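S.K.: Fold the following, please.
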Amino acid sequence: MFDLRISKSFNYLNYKATLILDGFNLFNWFNAAGYFNRKYDANGNPFSG
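M.R.: Modelled structure (predicted):
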């Protein structure tokens, strides 16, 4: 899994603002939770693929 977070803070007078960009599982990789004779996804469901 590849997660990315980019943030930039700005100051203007007495105010502070932050711009945030988040990306989750950017390359759409499968994240297996276990391999006990079968693959399971993060929710515990059997995976066939």
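
S.K.: partners of Phe47 in the sheet?
M.R.: Here Phe47 shows beta-bridge partners Lys39, assigned using DSSP bridges.

S.K.: count of neighbours near it?
M.R.: Neighbour count of Phe47, defined by other CB atoms under 10 Å: 14. C-betas here are computed from N, CA, C, even on glycine.

S.K.: Check Asp22 too.
M.R.: Counted with other CB under 10 Å, the neighbours of Asp22 add up to 9.

S.K.: Show me what whichever strand or helix holds it is packed up against.
M.R.: Of the helices and strands defined by DSSP states H and E, Asp22 is found in strand 15-23. If contacts are counted by 3 or more CB pairs under 8 Å, 6 or more residues apart in numbering; DSSP states H and E, strand 15-23 sits against strand 4-12.

S.K.: Show me which residues of the strand it packs on are buried.
M.R.: Along strand 4-12, not one residue counts as buried under the neighbour rule (16 or more other CB atoms under 10 Å).

S.K.: Identify the residues contacting Thr18.
M.R.: Taking CB atoms under 8 Å, 6 or more residues apart in numbering, we find Thr18 in contact with 7-10.
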